[in-house]
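In: Here's a sequence, model it:
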Amino acid sequence: MSCERPYLRTHRLLVATAVGAAVIETAVVSVLVPDPPVAMTAQVSAPEPFGLFHDLRWLLVFHRSWLGFTLGVLALIAFRSTLSTWFVVAAWPADVPRPGWVATQVRVVLVTVVAGAVLTPWAVLLFAASGVSLSWFFYIAVPITLALAMLLPAAVVTDAWWRRRPPPRTAGWIALTFVVLTAGGGCLAATSGALRLLVAAALGLFNAWAWLGIVHSVACRERTTRFVPFAPAGIVILLGIVVGGTALGFWLGTRSAREAARAHVRPPPPGGRPVLVVAGFDSRWDGTPSGRFGPGFREERFSYRGLGPTGRPLPYTPVDTHRSLPDLVRDMRRQVEAIHRATGRDVAVAAESEGSLVAKAYVATTPHAPLDGVVLLSPLLAPARVYYPASGHEGWGVFNRWVLHNVTALLGHISNLEVTTDAPFLRSVVDHAPALRRLTRCPVPGVRELLLAPVADSVVAPWPIEAEVPVRVLDSFHGGLLGEGSARGMVRRYLLGRPVTPGRGSWAAMRIVAAAAAAWQVPVLPLDTNPTWGGHRASPTCASTLRAVRAWIGPPAAARTTTGRH
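Out: Residues are numbered from 1 along each chain as shown. Modelled structure (predicted):
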């Protein structure tokens with residue numbers, strides 16, 4: 001079958017719709033939405049299934065009841081199927097018989113439902129990444145979404161998509177679209193005003209070109225009767241790893257902590273600088289002393305279980321790391337005070353991942369703590385950017401809670417993961433966004449701090465990334481930095497008061513990655529939208545963040561008693 005060479009100038013309605021939709025959504029979101037997720041706005045006119053993935057992420061964050069979610073799904077199907085049908089018809093080759101509107105829309109509606117079901121788990125995983133600021137979720141969800149996208153573009157163009165191998169050119173168009181939307185999303189995030197609208201218009205023009213290329217590739221290919229269910233088979237294979245992929249993310253995120261906990265090393269000499277080491281989520285400790293920093297340090301492990309009758313830290317299991325943040329902060333106060341009394345010296349803290357949030361909340365709520373510096377490794381840069389309600393309640397993101405609850409229950413049957421969506425630590429995070437979104441990046445007056453951030457973690461950070469504490473960037477992934485020699489050496493030099501050289505990465509690199517990744521994150525739920533968050537302002541400052549965490553957790557008991565006497 002021969003087709004004329006496609007030119008955008010002969011498909012003016014296609015261009016006008018694609019450009020107009022991208023510009024209108026960008027303008028509306030920029031004006032009406034606090035902390036606007038403009039990096040994803042141009043995807044409204046992107047080829048399928050990227051357009052549908054854009055809609056899903058909006059819906060997953062901005063629904064507050066089961067009824068609202070149901071109505072949102074129906075509206076999504078109607079909107080997306082109509083828009084996609086229009087793009088297919090508008091991009092159709094002039095010398096190929098054009099399918100009827102009704103028949104095309106019926107097919108597109110069915111495809112939208114199927115593709116939505118296939119893509120939803122990965123969109124929910126990105127939702128979870130914004131909830132707990134864990135980059136492993138992003139690195140699982142986005143590649144799988146891209147792989148699925150390469151299997152699905154022909155579905156909106158032909159009824160034979162499920163029984164024929166898609167044209168190779170469609171995979172090339174999808175890959176190119178992913179690259180352009182990623183880079184363009186970063187440009188949208190980094191610009192403002194009229195320049196932002198020009199970038200949105202350029203991305204809309206590219207979307208029209210991509211639609212034209214995909215539709216022509218499918219409509220103009222040679223007809224064949226060979227049965228090759230390439231797309232369904234690929235979808236089944238990819239969906240088969242959703243549970244394993246999520247389990248792998250948890251395992252990778254906690255592997256180094258688990259290995260370190262099992263290591264048997266000699267305790268360091270008793271006369272060194274006291275250091276409290278705080279591991280991350282789902283770690284364990286069998287009570288074995290550790291000596292990562294070598295001579296000159298008296299290292300003690302923070303116990304997520306607390307102190308025993310003798311004042312020594314108790315061994316703990318992964319379940320103990322699931323306790324609420326206020327409880328863990330109180331235990332850290334007791335342990336730091338115990339070390340201070342035993343040594344007569346101020347205590348340094350080196351904390352990783354979840355431990356960094358515990359340590360920062362401790363520092364922020366414990367005035368005059370006996371501290372000799374705090375190092376936060378793989379900190380949770382921006383947690384609590386979305387919300388889901390507790391079990392048995394409705395609220396923003398209720399569907400995501402249901403999905404995550406069932407996924408974690410399934411993982412509990414096939415692995416040693418024993419976490420639920422209502423785990424006290426997770427509830428501490430999602431219920432207290434005003435206190436936690438900026439906490440690790442905000443300085444506490446009178447406390448010497450250093451933040452060691454893996455550049456890979458910037459994929460779950462908001463644009464622009466702002467930090468008012470000293471930062472060193474490492475070319476690493478989340479978790480396990482205390483097991484790396486370079487990071488451990490930086491911590492040691494910092495605690496000894498020596499100059500800390502820049503890391504192998506750079507803060508500029510983190511900002512660039514964050515801008516690019518913003519195109520595939522979920523939108524941020526504004527603070528003043530959720531009553532659970534107390535109607536706080538949409539963009540917290542460091543001052544308001546510190547006030548919020550102090551009001552939530554409160555000062556030590558002795559300080560409260562003293563204040564009461566005065």
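In: going forward, measure contacts and count neighbours with C-alpha atoms only.
Out: Will do.
In: nearest residue to the spatially most central residue of the chain other than its sequence neighbours?
Out: The chain has Ala129 as the residue nearest its centroid, 2.8 Å off, counting by C-alpha atoms, centre = their mean. Closest residue in space to Ala129, ignoring its immediate chain neighbours: Phe137 at 5.5 Å, by C-alpha to C-alpha, 6 or more residues apart in numbering.
In: can you check Glu468 too?
Out: In space, Glu468 is closest to Cys442, 5.5 Å off (C-alpha to C-alpha, 6+ apart).
In: What ranges in the stretch 51-200 of the chain fall below the confidence cut-off?
Out: Residue ranges of the stretch 51-200 of the chain with pLDDT under 70: 160-165.
In: phi, psi of Leu474?
Out: Main-chain dihedrals, Leu474, degrees, to the nearest 10: phi -120, psi 140.
In: right, I mislabeled it, should have said Gly291
Out: For Gly291, the backbone dihedrals are phi -140, psi 60 (criterion: degrees, to the nearest 10).
In: Correct me if wrong: it contacts Val277.
Out: No - contact criterion C-alpha atoms under 8 Å: Gly291 and Val277 do not qualify, at 10.0 Å.
In: who's more crowded, those two?
Out: Between Gly291 and Val277, counted using other C-alpha atoms under 10 Å, the more crowded position is Val277 (21 against 18).
In: In the stretch 51-200 of the chain, what residue spans correspond to strands?
Out: Along the stretch 51-200 of the chain, no stretch is classed among the strands by DSSP state E, counting those that start in this stretch.
In: before we move on, what about the stretch 401-550 of the chain?
Out: For the stretch 401-550 of the chain, the strands defined by DSSP E, counting those that start in this stretch cover 449-454, 471-474.
In: Each with direction, which strands does the shortest one pair with?
Out: Strands flanking strand 471-474 in the sheet, each with its direction: strand 449-454 (parallel) (DSSP bridges).
In: What's the mean pLDDT across the strand it pairs with?
Out: Averaged over strand 449-454, pLDDT sits at 91.
In: what's the top helix by length along the chain packed up against?
Out: For the chain, the helix with the greatest residue count under DSSP state H is helix 101-132. In terms of contacts (3 or more C-alpha pairs under 8 Å, 6 or more residues apart in numbering; DSSP states H and E), helix 101-132 is packed against helix 50-61, helix 66-90, helix 135-151, helix 398-414, helix 424-431.
In: buried ones in it?
Out: By neighbour count on 16 or more other C-alpha atoms under 10 Å, the buried set for helix 101-132 is 104-105, 107-109, 111-113, 115-116, 118-132.
In: Verify the contact between the residue nearest to Ala129 and Leu125 for me.
Out: Yes - using C-alpha under 8 Å, Phe137 is in contact with Leu125, at 6.0 Å.
In: And stretch 371-391, what's buried?
Out: Taking 16+ other C-alpha under 10 Å as the neighbour-count basis, stretch 371-391 is seen to contain the buried residues 371-390.
In: Extract the C-alpha set from that stretch and format it as PDB.
Out: Provided in PDB are the C-alpha atoms of stretch 371-391 (Å, rounded to 0.1, in the frame of the first residue of the first chain):
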ATOM      1  CA  LEU A 371      25.400  17.300  69.300                       C
ATOM      2  CA  ASP A 372      28.700  17.400  67.500                       C
ATOM      3  CA  GLY A 373      27.400  17.500  63.900                       C
ATOM      4  CA  VAL A 374      24.800  15.700  61.900                       C
ATOM      5  CA  VAL A 375      25.300  14.000  58.600                       C
ATOM      6  CA  LEU A 376      22.200  13.000  56.600                       C
ATOM      7  CA  LEU A 377      22.900  10.300  53.900                       C
ATOM      8  CA  SER A 378      20.300   9.500  51.200                       C
ATOM      9  CA  PRO A 379      17.900  11.900  52.900                       C
ATOM     10  CA  LEU A 380      14.200  11.900  52.000                       C
ATOM     11  CA  LEU A 381      14.400  15.100  50.000                       C
ATOM     12  CA  ALA A 382      10.700  15.800  49.600                       C
ATOM     13  CA  PRO A 383       8.300  13.300  51.200                       C
ATOM     14  CA  ALA A 384       4.600  13.700  51.800                       C
ATOM     15  CA  ARG A 385       3.800  15.400  48.500                       C
ATOM     16  CA  VAL A 386       0.700  13.300  48.100                       C
ATOM     17  CA  TYR A 387      -1.800  11.800  50.500                       C
ATOM     18  CA  TYR A 388      -3.900   8.700  51.100                       C
ATOM     19  CA  PRO A 389      -6.400   8.200  54.000                       C
ATOM     20  CA  ALA A 390      -6.200   5.600  56.700                       C
ATOM     21  CA  SER A 391      -8.000   2.300  56.300                       C
END
